[in-house]
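Engineer: 3D model of this:
(4 chains)
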There are 2 protein chains.
Amino acid sequence: MNKKQQQTEQTKKKIADAARSMFAQKGYKATSIEDIVKATGCSAGNIYYHFKSKEGLFLYLIEDWNREWDQTWLVKEKQYATTIDKLYGMAEYLALDQLSHPLTKAANEFFNNSEKAPDVEERIHVIVQGYIDFNRQLLQQGIDNQELEAANVSGLAIILDSLLFGLNQHSRRMEREETLAAYRLAMDVFLHGIAKSTR
Amino acid sequence: MNKKQQQTEQTKKKIADAARSMFAQKGYKATSIEDIVKATGCSAGNIYYHFKSKEGLFLYLIEDWNREWDQTWLVKEKQYATTIDKLYGMAEYLALDQLSHPLTKAANEFFNNSEKAPDVEERIHVIVQGYIDFNRQLLQQGIDNQELEAANVSGLAIILDSLLFGLNQHSRRMEREETLAAYRLAMDVFLHGIAKSTR
DNA sequence: CACAATACTGAACATTCATTCAGTATTATA
DNA sequence: TATAATACTGAATGAATGTTCAGTATTGTG
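Structural biologist: Purely as a prediction, here's the structure:
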């Protein structure tokens, strides 16, 4: 690898790391390019040399995070025998992961602001759709092997995403054990419901 | 009542209505005073004559909305015989409501954003806790009258809020019928789960 | 070495936006 | 009617900030 390429990679990482940390601390809007300039020691222009925009930088961080999740899950998935175990495993992972990734706070703020350029909306849509597809595949698997009721899989995938997304909001005000318990309970409910007389 | 008092009341309502609509549509930060000026036809100065600040205006709307929700629900609740019916009724109401629930999104954004004065933080926290308490009471009722499994009510109240909050995120990209179906399905799952073999 | 490509600088630009305030219009009061 | 109180205007302010760009430094290449 070139010294140039090496330099670029290093700088990009430096900016990404600082930005991630700032976004996590202060949120998306409250983090200015100036903040990242101060944190990295490199110029504003340099940030724009490596990333198209503030939005682009943030999306890069989210997508990077997702890539990491995919990789981790690919390994983690193998240790679970059933789909139900996988669901609990996923819930546990998300509960613990989110504790170390307060970036979700900024992500939520970012996703909730509506005035985005069409290409940004598109990237967000792809990201969200990725979560849904992931859920759908997992649920379909559970239906195929008779663990789950055959049902509206697409709808359930959205329900599951909603549940996890919403829970993430609340978990930010929870301790580790409380968060874990909440995620477990969420999966209990998702799987068995709360009504007294079952079908 | 005075013509002055009448005028004040009318203007305040006009500003509040426009602001509520804008905040619900665009979110808190993305809505500017200028937007409200355009929507109402009155001046920026006038908005500041009637409301202390943008923050103050927003908090006024949230608290106003809570009062209204309490009132509406008090009436609406009576038409449902069982707790389960109430849950479906609430889900339907939230699915169809075009204004109040989107405001929760703005409220969430508002709460998550950069540092607020302690009194503002406190006011928002009370509001969020109010939603949880509402859920808890509803669920406790269902447990008391044998409709729901006796369980960790506080935890379930958070699960329910998570589910509804997360679903609201998705419903932004849905049509009316799709939204209704999603909320109904969410309640189905919340009540009965998706696992094949029930307890 | 010469020239091109890449990496980077940082001041300047352009825009957004909450808030203020001096001043005007309208209404109440005595 | 005179004056005080209230309702309102809208331009100005000032601060924050994403983005650009002309220019410089460093590295690759032939």
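
Engineer: before we move on, which element is the spatially most central residue of chain A in?
Structural biologist: In chain A, the residue lying closest to the centroid (CA atoms, centre = their mean) is A:Asn66, at 6.0 Å. Per DSSP states H and E, A:Asn66 falls inside helix A:54-76.

Engineer: buried set for that helix?
Structural biologist: Using 16 or more other CB atoms under 10 Å in any protein chain shown as the test for burial, helix A:54-76 gives A:Lys54, A:Glu55, A:Leu57, A:Phe58, A:Leu59, A:Tyr60, A:Leu61, A:Ile62, A:Trp65, A:Trp69, A:Trp73. C-beta coordinates here come from the backbone N, C-alpha and C atoms, glycine included.

Engineer: now for the lowest-mean-pLDDT helix or strand in chain A, which elements pack on it?
Structural biologist: When each helix and strand of chain A is scored by mean pLDDT, DSSP states H and E, helix A:103-112 comes last, with a mean of 80. Secondary-structure packing of helix A:103-112 (3 or more CB pairs under 8 Å, 6 or more residues apart in numbering or on different chains; DSSP states H and E): helix A:3-26, helix A:54-76, helix A:153-171, helix B:100-112.

Engineer: tell me the most buried of those?
Structural biologist: Highest mean neighbour count of the helices and strands packed on helix A:103-112: helix A:153-171, a mean of 23 (counted as mean count of other CB atoms under 10 Å in any protein chain shown).

Engineer: tell me the average confidence for it?
Structural biologist: Averaged across helix A:153-171, the pLDDT comes to 93.

Engineer: so after that helix, what's the next helix or strand?
Structural biologist: Counting by DSSP H and E, the next helix or strand C-terminal to helix A:153-171 is helix A:176-192.

Engineer: if you look at that next one, does any of it touch chain B?
Structural biologist: Yes. Using CB under 8 Å from any CB of the partner chain, we find that helix A:176-192 touches chain B at A:Ala181, A:Ala182, A:Leu185, A:Ala186, A:Val189, A:Phe190, A:Leu191, A:His192.

Engineer: Now do the domain split for chain A, please.
Structural biologist: Residue ranges for the domains of chain A, per automatic domain parsing: A:1-51, A:61-192.

Engineer: show me the residues around A:Thr82 that make contact.
Structural biologist: A:Thr82 makes contact with A:Gly142, A:Asn145, A:Glu147, according to CB atoms under 8 Å, 6 or more residues apart in numbering or on different chains.

Engineer: Any chance of those residues in a markdown table with pLDDT, distance to B:Gln25 and secondary structure as columns?
Structural biologist: Shown next, in a markdown table, are the contacts of A:Thr82 (pLDDT from 0 to 100; distance: CB to CB, whole Å; DSSP: H, G, I helix; E, B strand; the rest coil):
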| residue | pLDDT | distance to B:Gln25 | secondary structure |
| --- | --- | --- | --- |
| A:Gly142 | 96 | 38 | helix |
| A:Asn145 | 94 | 44 | coil |
| A:Glu147 | 96 | 42 | coil |
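
Engineer: re the thing from before, and of the helices and strands packed on helix A:103-112, who's closest to B:Glu9?
Structural biologist: For B:Glu9, the closest of these is helix B:100-112, at 21.7 Å, according to CB to CB.

Engineer: got the angle between the closest one and helix A:153-171?
Structural biologist: 40 degrees (axes from the mean of the first three to the mean of the last three CA atoms, to 10 degrees).

Engineer: Quick one: residues in contact with helix B:100-112.
Structural biologist: Helix B:100-112 is contacted from outside by A:27, A:105, A:108-109, A:112-113, A:169, B:20, B:23-25, B:27-29, B:58, B:61-62, B:65, B:68-69, B:94, B:121, B:124, B:127-128, B:131, B:165, B:168-169, using CB under 8 Å, 6+ apart.

Engineer: ok, and of those, which contact DNA strand C?
Structural biologist: Applying CB under 7 Å from any atom of the strand to the contacts of helix B:100-112, one finds that B:Lys29 fall near DNA strand C.

Engineer: which element is the residue of chain A found nearest DNA strand C on?
Structural biologist: When scored by CB to the nearest atom of the strand, chain A has A:Gly45 as its residue closest to DNA strand C, at 1.7 Å. In the assignment (DSSP H and E), A:Gly45 maps to helix A:44-50.

Engineer: Show me what that helix is packed up against.
Structural biologist: Against helix A:44-50 (3+ CB pairs under 8 Å, 6+ apart) you get helix A:3-26, helix A:33-40.
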